[in-house]
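K.L.:
sequence first, then the predicted structure, then my questions.
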Amino acid sequence: MTILVVSGTGTEIGKTVVTAAVAAVARAGGRSVAVLKPAQTGVGPGERGDADEVVRLAGGVTALELARYPEPLAPDTAARRAGLAPVRPQEVAEAAEKLATEHDLVLIEGAGGLLVRFDADGGTLADAARLLGAPVLVVAPAGLGTLNMATLTGEGLRARGLEQAGVVVGSWPREPGLAERCNLSDLPDAAGAPLLGAVPQGAGSLEPAVFRARARDWLAPALGGSWNAASFTASVGG
């Protein structure tokens, strides 16, 4: 794949760290990588955004941010309150296509979930993925509630004719409980897509060199890694 959209079942669930892991694995495989953040919210001028964090963790990645809004709100709301122009799906698609002419892999990291509004017309990350014909990788939390959210996201993708590349658990706890262990087996059925990885809790706090060395162990072969869903699930008692 040349362009991969990274979305989630919600916010603060590990999308940025998963994006960085995918980028790190691709870089280790000799591929050039760009990360595109259509709308960065909740970050002021001069502060580090999600794309900057991907660069820090993965190293050697081209970063592009299309818009930045100071309040931590949905992009459409944040743009309106700041009196700034919104980002539209067509702009996202055009930026991604340009990056794809110069890089082997372009990762588009969304804001929040799949259908969070970018503009007053209701444009979303899903619309950008449709314009690009790009697959969507869904990042999900490990615990209670994730099956419902993964089901809704999968249904939203299928209703729009979009391909779901798979699901990655964005923050696998150090001491998983019963719900987390059971969800490993249930997530593929709920999402209607394969489980393609589990990034450990706190991975984003690792030193970049350690992060890059370990990233392959967190992602399945479809994403360039060596992680195996069946083996991992068995090892944690799922």
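P.N.:
Noted; the coordinates are in hand.

K.L.:
tell me where this protein has helices.
P.N.:
Using DSSP state H, the helices assigned to the chain run over residues 15-28, 50-58, 75-82, 89-100, 125-132, 146-159, 178-191, 208-214, 229-235.

K.L.:
just say which of these is most tucked in.
P.N.:
Mean neighbours per residue, mean count of other Cβ atoms under 10 Å, is largest over these for helix 15-28, with a mean of 27. (C-beta placed from N, C-alpha, C; glycine too.)

K.L.:
measure the spatially closest residue to Val168 that is not a sequence neighbour to Pro86 for me?
P.N.:
Spatial nearest neighbour of Val168, excluding adjacent residues (Cβ to Cβ, 6 or more residues apart in numbering): Gly197 at 4.2 Å. Plainly put, Gly197 is 32 Å away from Pro86 if you go by Cβ to Cβ, to the nearest Å.

K.L.:
so which of the two has more stuff around it?
P.N.:
Gly197 (28 against 20; other Cβ atoms under 10 Å).

K.L.:
now Gly10. Its backbone dihedrals?
P.N.:
In terms of degrees, to the nearest 10, the main-chain angles of Gly10 are phi 180, psi -160.

K.L.:
thinking again about what came up before, contact partners for the residue nearest to Val168?
P.N.:
18, 21, 168-169, 218-220, 223, 225, 227 (Cβ atoms under 8 Å, 6 or more residues apart in numbering).

K.L.:
compare those residues and tell me which is most surrounded.
P.N.:
Val18 (33 neighbours).

K.L.:
against Pro200, how distant is it?
P.N.:
Note on Val18: its distance to Pro200, by Cβ to Cβ, is 11 Å.

K.L.:
Leu132 too?
P.N.:
Counting by Cβ to Cβ - Leu132 and Pro200 are separated by 30 Å.

K.L.:
now Ala179
P.N.:
17 Å.

K.L.:
go on, Asp119?
P.N.:
From Asp119 across to Pro200, the span is 36 Å (Cβ to Cβ).

K.L.:
cool, and Ala190?
P.N.:
22 Å.

K.L.:
before we move on, what about Ala93?
P.N.:
Note on Ala93: its distance to Pro200, by Cβ to Cβ, is 33 Å.
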